[in-house]
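Undergrad: Quick one, what's the 3D model for this:
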Amino acid sequence: MTLHSELVQAVQRLSCCRDLDAVMAVLRETARNLTGADGVTVVLRDGDLCHYADENAIAPLWKGHRFPMKNCISGWCMLHRQQVAIPDIYLDPRIPHDAYRPTFVQSLAMTPIRSEDPIGAIGAYWASHHHASTEELEILQALGDSASVAIANVQLIDSLKEANRRKDEFLAMLAHELRNPIAPIRNALHVLRLRPDDVATVERAREMMERQARHLAQIVDDLLDVSRLTQGKVTLRRERLDLARLVRQCAEDRQGLLEMAGLTLDIQLPQAPVWVMGDTMRLTQVLGNVLDNAGKFTPSGGAVTVRLTVDGQGKHAAVAIRDTGIGIEAEMLPYVFETFAQSDRSLDRSRGGLGLGLSVAKGLLEMHEGTIAAASAGNGQ
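TA: This next block holds a predicted model:
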């Protein structure tokens, strides 16, 4: 088999890879075979670190280790977005010589994976002084370019799998959430059929059905808002408004319900108006969603604090809503504002919630050129 045909076969194999391990297996084997190198490493960028993720060599190199980008020739290759060949590593100041002395390496070539914005690099090493030929460098670059496409495909497949998994979980949660109000409505109707002339029973049944109907309406409204936000069909009616007054009104509107749940409400606002441009109805919706979420997951005896602050120049305002509830698991924090994510922080499923309110809040604030974030210290925040 010629070098060209083996390279073509490797590119075809890369196009069929469905996970990162498979991509690295093709790279480490093919790069060494086609260049005659004594060792090959696959390096992946991990933030500001170089992760030596895989290798195929006559002796151990650095598999599994991570090094700062600025301390590695692979990091130099990625940061400068260019291929580099070094015939004698001990004559090149970019090489951390102490890291190489325990190894067999005398010469190397390093090639970025994805030239425009490298996500990794392929390193080829030789045990004797070796001037990498033009053909060898072209082979490594072709593998690097093909690997970038293969890795992008793997990432897309992984993201689609994750999105489908979360969507399935969301649909299961939606079905469960819809059953919650339906069951009491059915029970109320059954009681009405049994005792249609009992005034007290009829009144309790009516109140139950009204309450559960409001719950169903809220679910439908949240779903519609998510759909509109996703499709870009939400428009804002901006006006000059006093954010301090809006925050106070939203908090006081919920004060009675919070007190009925055994919670105290502390409102901390500037004395002067805080003028902003925004949609009054949508900002009220955002504040209401977050306040409702805080009250839902805070046990009786706890507290909810609402605080509005403005920076020294009066250009940025921030609303902080804190609760003494059960907290959010650390692994859930990055996802609490995503559409199909539900931070189910309570073992009491009767509290319900699809997590859509926080997703809607995020979308509406972004339309206002604002941001939203969550933090948790476990119990007490």
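Undergrad: Tell me the secondary structure at the residue of the chain positioned farthest from its centre.
TA: Computed with C-alpha atoms, centre = their mean, the maximum C-alpha offset from the centroid of the chain is found at Asp197, amounting to 55.4 Å. Under DSSP: H, G, I helix; E, B strand; the rest coil, Asp197 falls in the coil class.
Undergrad: Now do the longest helix along the chain: which elements does it pack against?
TA: Scanning the chain for the helix with the most residues, using DSSP state H, yields helix 134-194. Counting by 3 or more C-beta pairs under 8 Å, 6 or more residues apart in numbering; DSSP states H and E, the packing neighbours recorded for helix 134-194 are helix 3-15, helix 20-35, strand 107-113, strand 120-126, helix 199-231. Any C-beta I mention is one placed from the backbone N, CA and C, and that applies to glycine too.
Undergrad: Among these, single out whichever gets nearest to Gly47.
TA: Between Gly47 and the helices and strands packed on helix 134-194, the tightest spacing by C-beta to C-beta is seen for strand 120-126, at 12.7 Å.
Undergrad: Relative to the whole chain's centre, how far out is that closest one?
TA: Mean-position distance between strand 120-126 and its chain equals 31 Å (C-alpha atoms, centre = their mean, to the nearest Å).
Undergrad: Read off the pLDDT value for the nearest residue to Tyr90 once chain neighbours are set aside.
TA: Distance criterion C-beta to C-beta, 6 or more residues apart in numbering; nearest residue to Tyr90, sequence neighbours excluded, is His97 at 5.9 Å. Model confidence at His97, given as pLDDT, is 93.
Undergrad: Now His97, what are its backbone angles?
TA: Per-residue torsions, His97: phi -60, psi -40 (degrees, to the nearest 10).
Undergrad: Go ahead and confirm it touches Ile86.
TA: No: if you go by C-beta atoms under 8 Å, His97 and Ile86 don't touch, sitting 11.8 Å apart.
Undergrad: quick one: which of the two has more around it?
TA: Ile86 (20 against 11; other C-beta atoms under 10 Å).
Undergrad: can you tell me which residues contact that one?
TA: The contact partners of Ile86, taken as C-beta atoms under 8 Å, 6 or more residues apart in numbering, are Ile73, Asp92, Arg94, Ile95, Ser107, Leu108, Ala109.
Undergrad: How about the secondary structure of Phe54?
TA: For the record, residue 54 is Asp, not Phe. Classified using three-state DSSP, Asp54 is strand.
Undergrad: meant to ask about Pro118
TA: coil.
Undergrad: do the same with Arg307
TA: strand.
Undergrad: any idea how far Asp266 is from it?
TA: From Arg307 across to Asp266, the span is 8 Å (C-beta to C-beta, to the nearest Å).
Undergrad: who has more neighbours, these two?
TA: The neighbour count for Arg307 versus Asp266, taken as other C-beta under 10 Å, is higher for Arg307 (15 against 11).
Undergrad: Check the average confidence over the longest helix of the chain, would you?
TA: Mean predicted lDDT for helix 134-194 stands at 84.
Undergrad: starting at the chain centroid, how far to that helix?
TA: 13 Å.
Undergrad: now swap in stretch 122-142 and tell me
TA: Centre-to-centre, stretch 122-142 and its host chain are 38 Å apart (C-alpha atoms, centre = their mean).
Undergrad: cool, stretch 356-364 as well?
TA: Distance, centroid of stretch 356-364 to centroid of chain: 15 Å (C-alpha atoms, centre = their mean).
Undergrad: And the average pLDDT for that stretch is what?
TA: 84.
Undergrad: now stretch 25-38
TA: 92.
Undergrad: Would you mind pulling the contact partners of that stretch?
TA: The contact list for stretch 25-38, computed with C-beta under 8 Å, 6+ apart, reads 3, 6-7, 10, 13-14, 17, 39-42, 54-58, 104, 109, 122, 124-127, 132, 136, 139-140, 143, 147, 150.
Undergrad: ok, the residue nearest to Ala10 when sequence neighbours are not counted to Ala124 distance?
TA: Here the nearest residue to Ala10 in space, its sequence neighbours aside, is Thr30; by C-beta to C-beta, 6+ apart that works out to 4.1 Å. According to C-beta to C-beta, Thr30 stands 11 Å off from Ala124.
Undergrad: Alright, that wraps it up for me.
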